[in-house]
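Visitor: need the 3D shape of this:
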Amino acid sequence: MTQSRVGIVFNPSKIEREPLEKAWAEVGGDADTHWFETTPEDPGQGMAREAVDAGCDLVIAAGGDGTVRAVAEVLAGTGVHLGIVPQGTGNLLARNLGVPLGNVSAALRRIADAEARAIDVGWVETDTGDRQAFVVMVGFGLDAQMLAETDDDLKSKAGWLAYVEAMGRALAASDVLDVTIAIDDGDPVATSAHTVLVGNCGTLQGGITLLPDAVPDDGVLDTLVVRSDGVLQWMDTLRSMVWENGLLRLFDKDRKAASTQTVDHAQARRVRVELPEPRAFEIDGEEVGEVGAFTASIDAGALVVR
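Guide: Sure thing, here's the model as predicted:
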């Protein structure tokens, strides 16, 4: 450990302090460690600010995607390093960065030994007036609706399998809409879609890759627009995801994500999406209510992670 002062922000509903302290004692050395417990009212922003104000040069987020995002939002642009101990269901940023899952000691060891790396942070502004950071992806449609339909009790018992149970109801609720999308400084383009995702990372639970070109430190956002409606169109979408943007990329690492009749891929630094009516919206794997429009932008290299 090279850090002299470390803040650990932990979600007590995901991990208790005692085992976390025990594991940290094995790798943290003589670091001056400060502990911060999240609350239902504050998932981590306030605690991360306290850690920064206390002079911590490394802040570890121990919890689920909500805790990681809350801490990352505060650390963006500060130069303070972020460490991740994934304890949630999705653990989306941890998956995309190769952080060990299901092993607290291994995750802490990675933090202690890893080289620092600057990654991008996305910011999303919605028509509700909110502006929040994201480190994985935001959007509406099948992904967000699936999160909205997922039973919280089943999620706590069955983990990511709860999302599978919600898939059928999400498909029924994700109807095709007429939307407008503006890329960077381009004019708004009218199109149809039931799913629009804008992301900095592309891999979800189970190794599913929705944004195959997404790289967390390339300075751009990746977009996915899906307009499948009916069995034949869904077959085209699955072929695109599994074959063209999946298996073929194993043999051709330079192959770019392919658009089809039902799927569009693009990259941008800024994306503006307007819907005809509000829809369930997700930020980094968490359903955050309904929005009718949103603007996503990238802040390149704003977050230092270990």
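
Visitor: which residues in the stretch 1-150 of the chain form helices?
Guide: 17-27, 45-53, 65-75, 92-97, 104-113, 142-149 (DSSP state H, counting those that start in this stretch).

Visitor: who does the nearest residue to Asp127 once chain neighbours are set aside form a beta bridge with?
Guide: The shortest distance from Asp127 to any non-neighbouring residue, by CB to CB, 6 or more residues apart in numbering, is to Ala293 (4.3 Å). All C-beta atoms are positioned from the backbone trio N, CA, C, and that covers glycine. Counting by DSSP bridges, Ala293 is bridged to Glu274.

Visitor: how many other residues sit next to Ala293?
Guide: Neighbour count of Ala293, defined by other CB atoms under 10 Å: 15.

Visitor: pretty sure it is touching Thr128, no?
Guide: No: using CB atoms under 8 Å, Ala293 is not in contact with Thr128; the gap is 9.4 Å.

Visitor: next, count neighbours for Ala193.
Guide: Using other CB under 10 Å, Ala193 has 24 other residues around it.

Visitor: from Val176, how far off is it?
Guide: Per CB to CB, to the nearest Å, Ala193 is found 7 Å from Val176.

Visitor: quickly list what's touching both of those two.
Guide: By CB atoms under 8 Å, 6 or more residues apart in numbering, Ala193 and Val176 have these common neighbours: Arg227.

Visitor: low-confidence stretches in this structure?
Guide: Within the chain, the ranges that satisfy pLDDT under 70 run 1-3, 142-174, 205-208, 228-261.

Visitor: quick one: contacts for the spatially closest residue to Ala214 that is not a sequence neighbour?
Guide: Take Ala214 and drop its neighbours on the chain: the residue closest to it by CB to CB, 6+ apart is Gly202, 3.6 Å away. Residues near Gly202 by CB under 8 Å, 6+ apart: Asn96, Met137, Thr209, Leu210, Leu211, Pro212, Asp213, Ala214, Asp222.
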